[in-house]
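J.: what follows is a predicted structure for the sequence shown.
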Amino acid sequence: MKDQNAQSGSSHQKEPVRLSFYATPEHDCSYLENRQAITLFADPNTELDNHIYSTLSQYGFRRSGKHIYRPSCPTCSACIPIRVPVNQFKPKRIHKRIWRANQDIEVDMMGAEFREEQHALYKLYIQSRHPDGGMNDPDPDKYIEFLTSEWSVTKFIEFRLESRLVAVAVIDQLEDGLSAVYTFFDPELKKRSLGTLGILWSIEFTRELGLNWLYLGYLIRDCPKMSYKTQFQPQQSFIQGQWLYE
């Protein structure tokens, strides 16, 4: 395991927090075939909080459960952190069409806790979209551990059609924006583009909160399941330590 160090400070802290990072051994890449990957994790034994998480998000890190991570592959840079400047976002014609087509959907914000109805939709989505992936374990504890943590400001956004739950967007509130953690939806409603709707709603909600950025995780252009993120423009990519516009 490799160890790197960083410091994180806050106006509420008298002393900066010293944070260690650990790199995993090489493992099969989850997104690209015949590739080996290395993942860098913030020390899980550190007392993490939303300020540390917000700071690390500005350096391309993401949250999965209680872990903060980013890819750290020495011979590959396919995973590119991206974020959308919500006040500059310009919806395309297709985005406007998706928004209009879903005006009959009601949206509600829920706390980050286990709900059987949401879990049932998650299982349906995973079985349809990722049947051979590492996320297809239906265990309720693993599901909620994947989506939440005790220190993040996490919300579950429910989308309902005639009272029926059809989509859930899981978001984290950071100090400078929102992070789109995960979205799952009814795979039978493909024509409604509910995944895109979740991102469009999150962009609007970020604006309402007076925040600047919607963090969309990693863009992987050679992975069809991840390349959809290019449609939200303008956007910044985190490349060689800097956020740059394309």
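T.: Looks like it came in fine.

J.: CA atoms for contacts and neighbours, from now on please.
T.: Will do.

J.: right, and the helix or strand after the worst-scoring helix or strand of the chain on mean pLDDT?
T.: Within the chain, confidence by mean pLDDT, DSSP states H and E is lowest for strand 2-8 among all helices and strands, at a mean of 40. Proceeding N to C from strand 2-8, the next assigned helix or strand is strand 17-23, under DSSP states H and E.

J.: can you tell me how far the residue sitting nearest the centre point of the chain sits from Gln36?
T.: By CA atoms, centre = their mean, the chain has its centre lying nearest to Val181, at 2.6 Å. Separation of Val181 from Gln36 (CA to CA, to the nearest Å): 24 Å.

J.: check Phe114 too.
T.: In terms of CA to CA, Phe114 sits 34 Å off from Gln36.

J.: can you list the domain ranges for this protein.
T.: 2-80, 83-233 (automatic domain parsing).

J.: point out where this protein drops to low pLDDT.
T.: The model of the chain has pLDDT under 70 over residues 1-16, 130-137.

J.: helices of that one, residue ranges please.
T.: Applying DSSP state H to the chain gives helices spanning 50-57, 93-101, 116-129, 140-147, 194-208.

J.: can I get those in JSON lines with distance to Ile82?
T.: Compiled in JSON lines, the helices of the chain are given as follows (distance: least, CA to CA, whole Å):
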{"stretch": "helix 50-57", "distance to Ile82": "10"}
{"stretch": "helix 93-101", "distance to Ile82": "19"}
{"stretch": "helix 116-129", "distance to Ile82": "23"}
{"stretch": "helix 140-147", "distance to Ile82": "20"}
{"stretch": "helix 194-208", "distance to Ile82": "13"}
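
J.: specify the stretch among those that is closest to Ile157.
T.: helix 194-208 (8.5 Å; CA to CA).

J.: which of the residues in that closest one are buried?
T.: Neighbour counts using 16 or more other CA atoms under 10 Å place Leu194, Gly195, Thr196, Leu197, Gly198, Ile199, Leu200, Ser202, Ile203, Phe205, Thr206, Arg207 of helix 194-208 among the buried residues.

J.: so it versus helix 93-101, what angle?
T.: Following axes from the mean of the first three to the mean of the last three CA atoms, to 10 degrees, one obtains 90 degrees for the angle between helix 194-208 and helix 93-101.

J.: any idea how far helix 194-208 is from the middle of the chain?
T.: Offset of helix 194-208 from its chain centre (CA atoms, centre = their mean, to the nearest Å): 13 Å.
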